[in-house]
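Novice: show me the folded form of this:
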Amino acid sequence: MTDGVRALAAGFPAADAGQWRALAEAALNGAGPDRALVRRTPAGLARGPLFTAADARDRPDAIPALPRRPFLPWDIRQEIREPDPAAANRAILADLEGGVSSISLAIDPEGRNGVCVRRMGEISTMLGGVESNLAPIEISAGGGVKTAALLAAWLTRDGPAPEPRGALGLAPHDPQAGEAARWALENLPRFHVVTVDAAAVHDAGGDEVLELAMLAAGAAEAMKRLVDQELAPDEAAPRLCARLAVDADFHLGICKLRAARRLWARVMQAFDVSEENRGVHLSAVTSFRMMTRRDAWTNLIRAAAAGFAGAAGGADSLTIQPLTAALGRPTPFARRLARNLQILLQEEAHAGRAADPAGGSYLHETLTENLAQAAWKLFQQIEREDGWAAALASGWLAERCAQGLDAARRALATSKAEMIGVNAWAQLGAEKAEAITDSYTPPPLNAPPIPDGDFAAMVAAARAGARLTGSPAPLPPPARLAEPFEALRDAAEAHAQRSGARPKAFLACLGGLSEFSPRAGFAAGRLAAGGIETVGAEAHESIDSIVKSFTISGAPLAVICGTDAAYLESAAALAGALGEAGAAQVWLAGPEIDMLNDAGVSRFINRNSDMLEDLAAAHAALGVRA
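Specialist: Sure thing, here's the model as predicted:
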């Protein structure tokens, strides 16, 4: 039956990249594919325009094999932040019953940014009914050594616990990481002790190369500390785990996870870790910085794309942030949607059926290699400057993250990147998603604090009833890309509450519907991103008719919309008439036209203009105060 099957390219001469380039240049009228077609990652790595077998061939390092379970190929993880331990317990049990298979605990003894757990009784309340032998439990990175000691005390309340799995969440530079790892070898042998939280780098604004480089630097830092405590490399390596962020750019997310495994294996190789122990338990968490407060339902789209990246990229565990992560603590409904996205990925999309579904793809192999090479180069620079701890202490990492955050926000402001509901397709009056925002007051507790000392002494003190004090302090602090736009939306909403009406601009349209619609739609979308309503997008027979409609609208700002030809013919007269009719400012949607600067047009808005500057100017014209 296969005798008649022929290869698709059979009989055709082999093509090469040079031939493609010549054809592409001809199609682009000589513009050149490198300038016209190349997209770049936030770190500046080229993405295309063409990936071939030659690009993906001869990789110097293979990605460590990732055997996947036929059922539950990755842990469906949910983070718990309910401050009341009893409420946290109800959330945990509901999540486990609904399909979650592992738990991440954000612990805060003050109950502001996590579960208010201070002593054994409260942790018993929080984890009551949880089978720790079946459901891995991790402390979110940044909890500190005393938080780790409190969980360790509960897990080993009846003696060493060889079966429970999870992570104690110590930072790579924690001075007691080595002590804790040695204690865990005997008491919690299946627990990771140190979590290299590179996801925090992403959420603070760092690009993908910085995130991967800090992952490698954290692995090296932790290995140094554990080996200094006389742990053998093959004893130390399994005590580490890592977290990476994934966002809506799922191709980049897949490659980032694949590159992370390659980098980790190289670091472990440098410490003489045997080949079977060079892998890493890699947790993926969907990006917090991509989450929005306005029109939070759009977060579901981004979370689904990011979750797919985690699944296809080979994460061992995956946390999908609830859609209301930027608004407050999630409701049961938001938590259910978050875990159901993962169940859909596993049971409907079958995203875990292949260990490395991107393997062999020219695009993914090439981008993985380029990411790994760029990150390794930056990692070497970090190591020359004394590594992970020095990068944090010196402020170097915070500065790099701030630069990345500013660049990412500039990309949104200049329309080089888009976020639905933020700088694109912003919906005024969108239905608000519910979140829990009430505060929690911890009950008084009279108990001595867990003392400083070695890790074993901390565990013993916690087991005897000593309490946890202080608040977790993740570094660097997270930020969200949408915040500048949300500030404008907040100001517009406050203006509406004070005045009784949303700030409004009039679209003064020239020509017929098909002629002005593209630019009228652009202007309406741009102004909506700042909470500004637009009216008047309709055809008129004359300039007098447009001015009459503008006067009736009562809007202080008018934006002329039409074709370039209509602008040259009528925009000057229309701008003058609108000014005489009382327009505080007249803008034009389109390229800057010199002759109109003297005709009363004060601003030109287009895809090359800065959206945040445009919106700030619109707010000023409309009397909107921050």
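Novice: confirm residue 217 sits in a helix?
Specialist: Yes. According to DSSP: H, G, I helix; E, B strand; the rest coil, the state of residue 217 is that of a helix.
Novice: let me know the distance separating it from residue 379.
Specialist: 6 Å (CB to CB, to the nearest Å). The way it works is simple: take the backbone N, C-alpha and C, and place the C-beta from them, glycine included.
Novice: those two: who's more crowded?
Specialist: residue 217 (31 against 26; other CB atoms under 10 Å).
Novice: which parts of the stretch 51-200 of the chain are strands?
Specialist: 75-80, 102-105, 137-139, 166-170, 191-197 (DSSP state E, counting those that start in this stretch).
Novice: likewise the stretch 251-400 of the chain?
Specialist: Counting by DSSP E, counting those that start in this stretch, the stretch 251-400 of the chain has these strands, from start to end: 281-286, 317-319.
Novice: right, and those strands - which one's nearest residue 137?
Specialist: Of all the strands of the stretch 251-400 of the chain, it is strand 317-319 that lies closest to residue 137, at 11.6 Å by CB to CB.
Novice: partner strands of that closest one and their direction?
Specialist: Its sheet considered, strand 317-319 pairs with strand 75-80 (parallel), strand 281-286 (parallel) by DSSP bridges.
Novice: so what touches that strand?
Specialist: Residues outside strand 317-319 that contact it (CB atoms under 8 Å, 6 or more residues apart in numbering): 74-79, 102, 104, 136, 281, 283-286, 307, 310-311, 342.
Novice: ok, 7 Å please
Specialist: Residues outside strand 317-319 that contact it (CB atoms under 7 Å, 6 or more residues apart in numbering) are 74-79, 102, 104, 283-286, 307, 310-311, 342.
Novice: buried residues in it?
Specialist: Across strand 317-319, burial judged by 16 or more other CB atoms under 10 Å covers 317-319.
Novice: can you tell me which of the strands paired with strand 317-319 is most buried?
Specialist: Most buried of the strands paired with strand 317-319 by mean neighbour count (mean count of other CB atoms under 10 Å) is strand 281-286; its value is a mean of 26.
Novice: can I get that strand as CSV, trimmed to CA atoms?
Specialist: C-alpha atoms of strand 281-286 as CSV (Å, rounded to 0.1, in the frame of the first residue of the first chain):
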residue,chain,number,x,y,z
HIS,A,281,13.1,19.3,39.6
LEU,A,282,11.9,22.3,37.6
SER,A,283,8.8,24.1,38.6
ALA,A,284,7.1,26.5,36.2
VAL,A,285,4.8,29.3,37.4
THR,A,286,2.8,31.5,35.2
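Novice: next, the angle strand 191-197 makes with that strand.
Specialist: Following axes from the mean of the first three to the mean of the last three CA atoms, to 10 degrees, one obtains 50 degrees for the angle between strand 281-286 and strand 191-197.
Novice: residue 358 is in contact with residue 254, isn't it?
Specialist: Yes. Judged on CB atoms under 7 Å, residue 358 makes contact with residue 254 at a distance of 5.0 Å.
Novice: so which of the strands of the stretch 251-400 of the chain gets nearest residue 412?
Specialist: Closest to residue 412 of those is strand 281-286 (CB to CB; 18.5 Å).
Novice: assign a three-state SS to residue 458, would you?
Specialist: Classified using three-state DSSP, residue 458 is helix.
Novice: tell me how far it lies from residue 608.
Specialist: 58 Å.
Novice: try residue 503
Specialist: 24 Å.
Novice: among the helices and strands of this structure, which one scores worst on average pLDDT?
Specialist: helix 53-56 (a mean of 72; mean pLDDT, DSSP states H and E).
Novice: touching that one from outside, list them.
Specialist: Residues outside helix 53-56 that contact it (CB under 7 Å, 6+ apart): 362, 365-366.
Novice: now do the helices for the stretch 451-600 of the chain: every range, in order, please.
Specialist: Using DSSP state H, counting those that start in this stretch, the helices of the stretch 451-600 of the chain run over 455-463, 483-499, 513-528, 543-553, 564-566, 572-580, 594-597.
Novice: so which of these comes closest to residue 298?
Specialist: helix 483-499 (12.6 Å).
Novice: starting at the chain centroid, how far to that closest one?
Specialist: Its chain's C-alpha centre and that of helix 483-499 lie 24 Å apart, by CA atoms, centre = their mean, to the nearest Å.
Novice: contact partners of that helix?
Specialist: Residues from elsewhere that reach helix 483-499 (CB under 7 Å, 6+ apart): 293-294, 409, 422-423, 502-503, 529-532, 612, 615, 619, 624-626.
Novice: extract the C-alpha set from that helix and format it as CSV.
Specialist: Provided in CSV are the C-alpha atoms of helix 483-499 (Å, rounded to 0.1, in the frame of the first residue of the first chain):
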residue,chain,number,x,y,z
GLU,A,483,0.6,49.3,36.1
PRO,A,484,1.2,52.5,34.2
PHE,A,485,-1.9,52.0,32.1
GLU,A,486,-3.9,51.0,35.1
ALA,A,487,-2.9,54.2,36.8
LEU,A,488,-4.5,56.1,33.9
ARG,A,489,-7.6,54.0,34.0
ASP,A,490,-7.9,54.6,37.8
ALA,A,491,-7.6,58.3,37.3
ALA,A,492,-10.3,58.2,34.6
GLU,A,493,-12.6,56.2,36.8
ALA,A,494,-12.1,58.6,39.7
HIS,A,495,-12.9,61.5,37.4
ALA,A,496,-16.1,59.7,36.4
GLN,A,497,-17.1,59.3,40.0
ARG,A,498,-16.5,62.9,40.8
SER,A,499,-18.1,64.4,37.6
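Novice: let me know the angle separating it from helix 513-528.
Specialist: Going by the same axes, to 10 degrees, helix 483-499 makes 90 degrees with helix 513-528.
Novice: mind listing what's buried in helix 483-499?
Specialist: Residues 484-486, 488-489, 491-493, 495-496 are the ones in helix 483-499 that count as buried (16+ other CB under 10 Å).
Novice: just stretch 339-356 next, same as before
Specialist: Under the neighbour-count criterion of 16+ other CB under 10 Å, stretch 339-356 has 339, 341-342, 345-346, 351-352, 356 buried.
Novice: ok, stretch 40-60 next?
Specialist: Buried-residue list, stretch 40-60, by 16+ other CB under 10 Å: 41-43, 45, 47, 51, 55-56.
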